[in-house]
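**Q** below are the sequence and a predicted model for it; my questions follow.
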Amino acid sequence: MIIVSQDKLRISENMEIGVYPEYKDKNDEEIIGYKIENDYTYLGTYKTEERAKEVLEEIIERYTNWENLKVGQPSGICSPRYEMPEE
């Protein structure tokens, strides 16, 4: 599945993705990003950790639905693309 960053300047595929409270943006907002070894890139920022976790849960659900479609058990929104919401 491809994930498009909030600013629409990056796409990501096959990575460790999560909420990283230790990395905050300049407005002290929570970040959803991905990490490959020690390299970290953000995908989006949210005002609260709770909202960041909600978005992460949406990504998990979309990914699960896409994987289920590939094995013939479709459910929910089945798309190989997820765009990070603005807020």
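**A** Great, that's in hand. Fair warning: this is a prediction, and the values are worked out from it, not measured in the lab.

**Q** next secondary structure after the helix or strand bottoming out on mean pLDDT in the chain?
**A** One helix or strand of the chain scores below all others by mean pLDDT, DSSP states H and E: strand 30-36, with a mean of 62. Later in the chain than strand 30-36, the nearest helix or strand by DSSP states H and E is strand 39-46.

**Q** so which bits of that next one are buried?
**A** 42-46 (16 or more other C-beta atoms under 10 Å). (Each C-beta comes from the backbone N, C-alpha and C, glycine too.)

**Q** any stretches of this structure with poor pLDDT?
**A** 14-15, 20-31, 33-40 (pLDDT under 70).

**Q** hey, where'd the helices end up in it?
**A** 49-70 (DSSP state H).

**Q** quick revisit: just curious, which of the buried residues of strand 39-46 is nearest to Y82?
**A** Taking C-beta to C-beta as the measure, L43 is the one of those closest to Y82, at 9.7 Å.
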